[in-house]
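Trainee: The sequence and its predicted three-dimensional model are supplied below.
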Amino acid sequence: MRSAESSINITAVDFPETVSAGAIYATGGVTQTTQSHVYTFTPADTFTATVVVTAATTSGLAATAPFAVVSDTVAPAELEVTAPQRVTTTSIPVSWGATDAGAGLDH
């Protein structure tokens, strides 16, 4: 996240509670920051929703950004890895493919 004005500093980034605890990360009043947060799932979790991360500024303003949290406990429907049986060079060509509609993976 980045403040559009140099006089407005980002003081904290707030990740909401979802399937596990959220957190508020103090940033020290910077004009730009990258912040990550880890949500922990168990196989029984079913939480799937769009939630909002919020960045607060020194002037009392807030910026928000939505993101999806998805509990995907289903393995990919198909996974294929291929490589040649015999290699005579120092590089090995490998290709892979998978589909998993629940995670949006299609390669």
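Mentor: It's in.
Trainee: alpha carbons only for contacts and neighbour counts from here, please
Mentor: OK.
Trainee: any idea how far residue 65 is from residue 52?
Mentor: When distances are taken as Cα to Cα, to the nearest Å, residue 65 and residue 52 turn out to be 5 Å apart.
Trainee: neighbour count winner among those two?
Mentor: Neighbour comparison, residue 65 and residue 52: the larger count goes to residue 52, with 15 against 10 (by other Cα atoms under 10 Å).
Trainee: how about that one, what does it touch?
Mentor: The contact partners of residue 52, taken as Cα atoms under 8 Å, 6 or more residues apart in numbering, are 15-16, 64-67.
Trainee: Quick check: next helix or strand after whatever helix or strand it lives in?
Mentor: In the assignment (DSSP states H and E), residue 52 maps to strand 48-57. Beyond strand 48-57 in the direction of the C-terminus, DSSP H and E gives the next helix or strand as strand 62-70.
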